[in-house]
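Asker: sequence unknown, structure follows:
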Ligand SMILES: Cc1cc2nc3c(=O)[nH]c(=O)nc-3n(C[C@H](O)[C@H](O)[C@H](O)COP(=O)(O)OP(=O)(O)OC[C@H]3O[C@@H](n4cnc5c(N)ncnc54)[C@H](O)[C@@H]3O)c2cc1C
């Protein structure tokens, strides 16, 4: 089963989730031929890493202005050349945008936001959360290529094989006539991106205002993590929209998620079910978030968060 991986490249560096896709490819089949579309800027610098991860062919796609439509055009060409049976991409901003468009262009189907994959005698069983994260469903795709977008951190990063080589093929794509990039606005990014952070502290409406987020930031900084929020604080302007966690925000999979003053709506919880450990702090013992949590503290965050912060400082000498 030949596989085509979509690897996102920024300033010559592979996105961390791209290396996880190689582990996913090995899960499908240990002896698959793996081709890669390296898409972004500085893609040539990523060829060696991709070859060492196991790519035998690297298609280079370096548009001046990357739009989802242009990405679909590039990948469509690579799909035709590689004749891959499976296309793997990350459930990133780009991946979430292009998976359905690519499926439509190639006359096939896509399963997005995937959290598990297994090869059952040649039939891929693809698992993703459904009903806002309240249940898991297994899917199969009867047409090829099977398009699969995988949530970050579902698979471990693949180890580099070292000293491998790959054939490189430069791709050209038709620029869609109906889209013109007018301006690039860089998002201010401090610390890791929320989708890639190992620790996330999320604040909800229960914080009562923007001030509470200063305390969450202290806690997150101590743990080397980042702050996120449920939807109401983002709607209210207490926290930037780019930090919204949930079905219409970011899907996160940290080692530790601390949910503070968040009730645990299905729309929020479906964005955090990939977390290894969830700690919930809520004054309502009946709050739904406790059903998703590994550990729960029933109490007022104004007491619990400062006490937790002091204790962590004590333990870490921070
Ligand atoms: C189409 C659609 C998409 C949506 N997408 C998202 C999404 O992506 N992400 C998202 O988060 N939501 C999303 N929502 C909104 C979602 O339905 C909920 O309204 C939202 O998640 C609730 O946020 P919350 O838990 O912060 O607030 P609330 O539900 O109001 O909960 C606040 C919690 O804080 C607790 N609390 C209050 N005071 C304290 C205190 N002093 N100490 C401790 N605990 C306290 C309360 O007990 C309560 O449990 C979406 C809704 C729709 C319809």
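Answerer: All right, it came through fine. What you see is a predicted model; the values in this text were computed from it and never measured. Numbering: from 1, shown residues only.
Asker: going forward, measure contacts between C-alpha atoms and count neighbours the same way
Answerer: Fine.
Asker: okay, and for this protein, where does confidence drop off?
Answerer: Within the chain, the ranges that satisfy pLDDT under 70 run 190.
Asker: Kindly recompute the last result at 50.
Answerer: By pLDDT under 50, the chain contains no weakly predicted segment.
Asker: care to break it down by domain?
Answerer: Following automatic domain parsing, one gets these domains for the chain: 3-170, 199-316.
Asker: could those domains go into TSV alongside mean neighbour count and distance to the ligand?
Answerer: Putting those into TSV (neighbours: other CA atoms under 10 Å; distance: least, CA to the nearest ligand atom, whole Å) gives the following:
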stretch	mean neighbour count	distance to the ligand
domain 3-170	19	9
domain 199-316	20	3
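Asker: how about TSV for these, with distance to residue 185 added?
Answerer: Converted to TSV, the domains of the chain look like this (distance: least, CA to CA, whole Å):
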stretch	distance to residue 185
domain 3-170	12
domain 199-316	13
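Asker: Which strand residues bridge the closest residue to residue 167 other than its chain neighbours?
Answerer: Leaving aside its sequence neighbours, residue 167 sits nearest to residue 57 (CA to CA, 6 or more residues apart in numbering; 4.7 Å). Here residue 57 sits in beta bridges with residue 35, residue 167, as judged by DSSP bridges.
Asker: Please tell me I have it right and residue 57 contacts residue 170.
Answerer: No. Assessed by CA atoms under 8 Å, residue 57 is found out of contact with residue 170, at 10.7 Å.
Asker: what residues are up against the residue nearest to residue 167?
Answerer: Shown in contact with residue 57 (CA atoms under 8 Å, 6 or more residues apart in numbering): 34-36, 51, 166-169.
Asker: go on, residue 223?
Answerer: Residue 223 neighbours (CA under 8 Å, 6+ apart): residue 199.
Asker: do the same with residue 157
Answerer: 16-17, 19-23.
Asker: Tell me which of the residues you listed fall in strands.
Answerer: Per DSSP state E, strands hold no members of the contacts of residue 157.
Asker: Which of those residues fall within helices?
Answerer: Among these, the subset assigned to helices under DSSP state H consists of 16-17, 19-23.
Asker: Stretch 161-173: how far from the chain's middle?
Answerer: Chain-centre distance of stretch 161-173: 24 Å, with CA atoms, centre = their mean, to the nearest Å.
Asker: Do me a favour and get the end-to-end distance for it?
Answerer: Across stretch 161-173, the terminal residues are separated by 31 Å (CA to CA, to the nearest Å).
Asker: do the same with stretch 30-45
Answerer: 26 Å.
Asker: same check, this time on stretch 194-208
Answerer: Counting by CA to CA, you get 22 Å between the two ends of stretch 194-208.
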